[in-house]
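Peer 1: A predicted structure for the sequence below; I have some questions about it.
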Amino acid sequence: MINTESFKKACSRWCTGVAVITCTGPDGERFGLTMSAVTPLSLEPPLFLICLDNNSETLRAIELSAYFCINVLSDKQESTSNHFASKGRNKFNSIKWFESKNGSPVLEGALVNIECQKKSIFSGGDHQVVIGQLSFLYFNDSENHNPLAYYKSAYHNVNKT
């Protein structure tokens, strides 16, 4: 039988990268949340797809903003992931970040920061699907960083081969 618990269990078997989505609302307040529902969508034009819960404050800010940033976390940023997974405001006070030329908060130390211009939002059940076109990329080419992965409801380190 397929129910919420069996669906969640099946989803936990999908190994994903961990990202923090950030944006700045129209009043200048910064928003961010941890998620794994991120995927490249198109090469031409270069598009990404993210999925946010209908009740997310970050979703509300993205709806009112032109840009958002996908910060793909390294294995050294597990605490950053936990920090942005929590509820509450002022999440940027204890995190190193800088502002992009388009106003998005960009987290330092991420493997890659992918700023997108919001193109469309549409309903996907209890989530909204947001499509963004790449406007800025920053790569962290440090040899000492690997991706932070999430599998079976736990973090995992992925070693380079």
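Peer 2: In hand now; what should we look at? Quantities reported herein were computed from a predicted structural model and do not represent experimental measurements. Numbering: from 1, shown residues only.
Peer 1: residue ranges for the helices of the chain, please.
Peer 2: Counting by DSSP state H, the chain forms helices over residues 4-12, 57-64, 78-85, given from the N-terminal end onward.
Peer 1: elements contacting the second one?
Peer 2: Helix 57-64 makes packing contacts with strand 19-24, strand 30-35, strand 47-53, strand 112-124, strand 127-139 when contacts are defined by 3 or more C-beta pairs under 8 Å, 6 or more residues apart in numbering; DSSP states H and E. (Glycine included, C-beta is placed from N, CA and C.)
Peer 1: Within its sheet, name the partner strands of the second one and how each one runs.
Peer 2: Each strand that strand 30-35 pairs with, and the sense of that pairing, follows from DSSP bridges: strand 19-24 (antiparallel).
Peer 1: cool, and the last one?
Peer 2: Applying DSSP bridges to the sheet, strand 127-139 is found paired with strand 47-53 (antiparallel), strand 112-124 (antiparallel).
Peer 1: Of those strands, which is nearest residue 64?
Peer 2: Of all the strands paired with strand 127-139, strand 112-124 sits nearest to residue 64, with 9.7 Å by C-beta to C-beta.
Peer 1: chain center to the closest one: distance?
Peer 2: A distance of 10 Å separates the C-alpha centroid of strand 112-124 from that of its chain, computed with C-alpha atoms, centre = their mean, to the nearest Å.
Peer 1: Just the C-alphas of it, formatted as CSV.
Peer 2: Only the C-alpha atoms of strand 112-124 are listed here, as CSV (Å, rounded to 0.1, in the frame of the first residue of the first chain):
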residue,chain,number,x,y,z
VAL,A,112,29.2,25.9,-6.5
ASN,A,113,26.9,28.9,-6.2
ILE,A,114,24.2,29.0,-8.9
GLU,A,115,22.3,32.2,-9.1
CYS,A,116,19.1,32.1,-11.2
GLN,A,117,16.7,34.6,-12.5
LYS,A,118,13.2,33.3,-11.7
LYS,A,119,11.3,32.4,-14.9
SER,A,120,8.2,30.6,-13.7
ILE,A,121,6.4,29.0,-10.7
PHE,A,122,3.7,26.3,-10.9
SER,A,123,1.9,24.0,-8.6
GLY,A,124,3.2,20.5,-7.8
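Peer 1: partner residues bridging residue 98?
Peer 2: Beta-bridge pairing for residue 98 (DSSP bridges): residue 106.
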